[in-house]
Every structure is written in C-alpha cells, then in structure tokens.
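Engineer: can't give you the sequence, but here's the structure:
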C-alpha cells in the first residue's frame with residue numbers, strides 16, 4: 001500500500017508497519033521523486049515477501065519534503081508521530097530538511113537518511129547512510145588533479161549546509177594538492193536564469209568547476225554552461241547530478257562532466273545486476289531511471305528492516321557511528337553478500353545521456 005500524509009486511513013486501526021517516505025515531490029528537486037518512489041516500492045515488496053518488519057507488512061506513506069512544499073514537513077512529521085500514524089522515516093531530501101526534522105523526531109521513531117551528505121550527523125536515532133566528502137570528494141579530486149592538472153578551481157552551490165560543508169572540505173583538500181580557488185558562489189534555490197551566473201564564474205577563468213547545485217538548479221546551470229561552450233576549457237565535477245539530471249541537461253551540454261558516487265545505474269557488479277533485474281521485473285522496461293538517489297531509498301528501507309530485526313530498542317541511543325554494524329541489502333556492494341563492508345566509490349563521466357564508469361577510486 002502507498003498512501004499520502006493527508007489520507008484519513010492513517011488514523012484507522014492497523015497492523016501494518018508504516019514508513020514515512022520523505023522525498024521532494026515538487027519544486028526543483030521533484031525530478032528525483034519517480035526514481036525514489038519506484039525503488040522504495042521494490043524494497044517494500046521484497047521486505048513484505050520476507051514477512052515484513054517484525055512480522056508486520058510495510059506500508060509507505062508519501063510525504064513531500066521539498067523546500068517548496070505547501071505544508072511544513074517538520075510540523076507534518078511531528079503530527080504523524082504524535083498520532084502514532086508512522087513507525088519510521090526514510091528520508092531522501094536535502095540536509096537542511098534533515099536538520100529541521102532532527103529537532104522534532106528525537107528518536108521517537110527510527111529515521112534513516114539516505115542520500116550523500118556533508119557528514120557529521122550524530123543525533124541519536126538518525127542513521128545517515130550516504131557518502132560523505134572524505135569518501136566521495138577526496139579521491140575524485142585526487143584523480144582529476146592527477147589526470148587534468150587544473151590549477152584554478154571554481155565552486156558553485158546552493159546556499160545550505162551540504163554545499164558549504166563540502167566546499168570547505170574541497171577547498172582545503174585542493175590547497176594541499178597545490179590548486180587555487182578563484183571563484184566561490186552560493187545561490188538560492190530556484191534561480192530563474194543561470195546565464196549571468198555562468199558568465200560571472202567564467203570571468204574568473206577557472207580550469208575546473210565543483211558544482212553542488214541540486215535538482216533543477218543543476219540542470220539549468222549545466223545547460224547554460226554547455227551553451228556557453230565552457231566545456232572546451234573546463235572540467236566539471238557534479239556529485240549531485242544523477243541519471244535523471246543527465247536526461248534533463250541534454251547530451252550536447254554534458255561534455256567533460258564527471259561525477260563520483262558509490263552507485264550508478266550502469267554499475268557492473270553482481271549486486272547491481274540482481275537489483276536491476278528485480279527493479280525492471282517489478283516495474284517493467286519503462287521504469288524511472290536507476291540512479292544513486294533512487295537506489296538510496298531502496299537501501300534505506302532494507303537498512304530499516306535490518307535495524308528493526310535486531311529485536312531491541314537500543315537503536316534509540318545509537319548514532320550514525322553505529323550504522324556500520326547493521327548489515328543490510330544494497331545495490332552499492334560489489335556482490336550481494338558484501339553488506340557491512342566498506343562501499344567502493346566510482347568515478348564516472350557523462351557519455352551521451354548515461355554515465356560511463358571509468359574506474360573505481
């Protein structure tokens with residue numbers, strides 16, 4: 001079953017284990033929603049086939065966690081927890097929303113936060129399972145510096161915690177590698193046109209760009225970047241651009257665009273082969289594009305099941321530091337039996353409208 005947060009059935013007697021799937025369903029990040037929902041639905045079907053969570057069938061409750069959402073997500077989640085209408089949260093949204101939810105969830109229900117993020121989440125009962133800058137950015141910057149030897153970098157991101165923290169890390173890392181930061185800019189969400197922003201960045205004459213815009217902002221910036229012909233003299237590292245973003249940006253605007261992540265839809269591993277087969281078997285050939293953000297909701301639900309199957313309430317005192325002890329299913333592992341091991345990071349380059357995985361970092 002899939003329901004929405006406004007559904008009156010949430011207050012009816014039940015035996016189901018209800019999981020609030022908090023994802024952006026409108027605004028600039030709304031392009032992520034179809035993949036996130038589709039992957040979460042597959043995980044729910046797999047979990048229910050294996051007796052659910054604590055012998056209760058899982059139901060997904062859709063909550064719009066976009067910054068543009070009409071209803072404040074923190075007030076909505078707080079009300080649902082108070083009413084006993086949800087048993088857990090799986091969130092794939094920006095860190096600014098996670099920080100708001102952290103203040104009100106307070107370990108009353110487990111909260112699995114799934115996307116890449118800035119690191120440092122230590123709130124009890126919140127489990128951030130995505131890649132962090134030391135895992136993701138550091139080896140990617142090392143490899144791009146060694147290969148292309150850019151001396152001058154620019155950094156552009158949205159104005160919230162993940163871009164600020166990631167760029168602080170990258171700035172210090174590049175300094176140790178002997179590179180110079182010549183331009184840094186943070187933009188509000190929903191900038192109407194990116195041509196002026198791209199032109200201002202180009203005036204600094206960087207050799208490389210670290211782009212930490214999200215959703216439609218990343219799409220618009222990369223379109224303007226390509227239209228300006230900057231790909232002829234500049235490489236881009238865009239870790240929040242996934243396969244849906246490539247489709248929206250357009251192949252003509254994707255030259256010399258790189259990303260680093262622990263998962264890509266094209267990942268050639270046993271675990272991903274099994275995931276792809278299950279995903280398309282469940283949703284058909286025209287399912288939403290597989291990508292890191294969508295896969296993260298699949299993994300988040302399986303992480304939740306593994307956490308709950310410990311059979312205790314100790315999770316209420318656990319922080320992200322304990323997440324590694326929870327062995328769970330993921331398409332990010334090399335093989336299906338690798339759960340709990342260190343996840344690899346891959347460097348990929350846009351090739352047409354897909355990512356070509358160049359190497360493991």
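Structural biologist: Received it, and whenever you're ready, just let me know what you need. Please read all numbers here as calculations on a predicted model, not as lab measurements.
Engineer: where does this protein have low pLDDT?
Structural biologist: Scanning the chain for pLDDT under 70 picks out the ranges 1-14, 311, 320-325, 333-342.
Engineer: domain ranges for it?
Structural biologist: As given by automatic domain parsing, the domain ranges for the chain are 2-131+268-338, 133-261.
Engineer: export these to JSON lines and tack on mean neighbour count and distance to residue 345?
Structural biologist: The C-beta positions use only the backbone N, C-alpha and C, and glycine is treated the same way. Below are those laid out as JSON lines (neighbours: other C-beta atoms under 10 Å; distance: least, C-beta to C-beta, whole Å):
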{"stretch": "domain 2-131+268-338", "mean neighbour count": "19", "distance to residue 345": "7"}
{"stretch": "domain 133-261", "mean neighbour count": "19", "distance to residue 345": "6"}
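Engineer: off-centre distance for the helix or strand where residue 274 lies?
Structural biologist: For residue 274, the host element (DSSP states H and E) is helix 270-283. How far helix 270-283 lies from its chain's middle: 19 Å, per C-alpha atoms, centre = their mean, to the nearest Å.
Engineer: which residues of the protein fall in strands?
Structural biologist: For the chain, the strands defined by DSSP state E occupy 2-4, 17-23, 58-64, 88-91, 111-113, 126-128, 152-158, 180-187, 208-212, 235-237, 257-261, 346-351, 354-360.
Engineer: want to throw these into JSON lines with distance to residue 35?
Structural biologist: Output for those, formatted as JSON lines (distance: least, C-beta to C-beta, whole Å):
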{"stretch": "strand 2-4", "distance to residue 35": "15"}
{"stretch": "strand 17-23", "distance to residue 35": "10"}
{"stretch": "strand 58-64", "distance to residue 35": "14"}
{"stretch": "strand 88-91", "distance to residue 35": "14"}
{"stretch": "strand 111-113", "distance to residue 35": "17"}
{"stretch": "strand 126-128", "distance to residue 35": "20"}
{"stretch": "strand 152-158", "distance to residue 35": "20"}
{"stretch": "strand 180-187", "distance to residue 35": "24"}
{"stretch": "strand 208-212", "distance to residue 35": "20"}
{"stretch": "strand 235-237", "distance to residue 35": "22"}
{"stretch": "strand 257-261", "distance to residue 35": "14"}
{"stretch": "strand 346-351", "distance to residue 35": "17"}
{"stretch": "strand 354-360", "distance to residue 35": "14"}
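Engineer: if I look at residue 247, how far off is residue 355?
Structural biologist: Using C-beta to C-beta, to the nearest Å, residue 247 is found at 11 Å from residue 355.
Engineer: closest one to residue 166 among the strands of the chain?
Structural biologist: Among those, the nearest to residue 166 by C-beta to C-beta is strand 208-212 (5.7 Å).
Engineer: what strands flank that closest one, and is each parallel or antiparallel?
Structural biologist: strand 152-158 (parallel), strand 235-237 (parallel) (DSSP bridges).
Engineer: for residue 40, find the nearest of those.
Structural biologist: Once the strands paired with strand 208-212 are compared by C-beta to C-beta, strand 152-158 is nearest, at 24.5 Å.
Engineer: show me how far that closest one is from its chain's centre.
Structural biologist: Centre to centre, stretch against its chain (C-alpha atoms, centre = their mean), the figure for strand 152-158 is 20 Å.
Engineer: between strand 180-187 and that strand, find me the angle.
Structural biologist: 10 degrees (axes from the mean of the first three to the mean of the last three C-alpha atoms, to 10 degrees).
Engineer: was I right about residue 361 contacting residue 141?
Structural biologist: No. With contact defined as C-beta atoms under 8 Å, residue 361 does not count as touching residue 141 (10.0 Å).
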